[in-house]
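J.: Got a sequence here, can you build the structure:
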Amino acid sequence: MAEDALPSGLHDFITRNIRSVEQLEILLLVARDRETNWTVQSVYDVILSTKPSVEQWLDAFTRAGFLEKDSTGASGYRYLAAEGSAGLVKDLGLLYKTKPVRVIEAIYKPDRNPAQSFADAFRLNPKE
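T.: Below you'll find the model as predicted:
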């Protein structure tokens, strides 16, 4: 693996779950504190995007299992630290702080060889 390449697990996570830098920053924001009840307004106040877009991503993360809606009827969201993804989200946040360009490239730059990516998905002993 090239020195500047992202670890394959993080690259795969980005490919499957992240479509924009806005979406990435929303996920990293809500993942910082599991106890916070995030509303569209509170996320918007930090991200400064658009409220409809923030709401769209919060709902998408809820459907994907990263967030749960507040069960008390309030219009908030809480981060769910699922076993498989919590470590990846944390690692992604650290990598985004140290190598933001690499992460942004992984979001927007398509794989160079789709056939190889497909074959790698069926590899029995994936490379670390």
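J.: ok, K51 touching Q41?
T.: Yes - with contact defined as Cβ atoms under 8 Å, K51 counts as touching Q41 (7.3 Å). Yep, even glycine has a C-beta here, placed from its N, CA and C like the rest.
J.: distance between the strand or helix carrying V54 and the chain's centre?
T.: In the assignment (DSSP states H and E), V54 maps to helix 51-64. Helix 51-64 sits 12 Å away from the centroid of its parent chain (Cα atoms, centre = their mean, to the nearest Å).
J.: and that helix, which residues are buried?
T.: S53, V54, E55, W57, L58, A60, F61 (16 or more other Cβ atoms under 10 Å).
J.: Closest one to F13 out of those residues, please.
T.: Distances from F13 to the buried residues of helix 51-64, taken as Cβ to Cβ, are shortest for F61 (13.2 Å).
J.: Report the contact partners of the closest one.
T.: I26, L27, V30, L67, Y77 (Cβ atoms under 8 Å, 6 or more residues apart in numbering).
J.: Out of those residues, which two sit at the greatest distance?
T.: Across the contacts of F61 (Cβ to Cβ), the longest gap, 11.1 Å, separates L27 and Y77.
J.: In the chain, where is pLDDT below threshold?
T.: Applying pLDDT under 70 to the chain flags residues 1-4, 72-74, 83, 110-114, 116-118, 120-121, 123-128.
J.: just the helices in the protein please.
T.: Along the chain, counting by DSSP state H, helices occupy 8-17, 21-31, 40-47, 51-64, 83-98, 100-108, 114-121.
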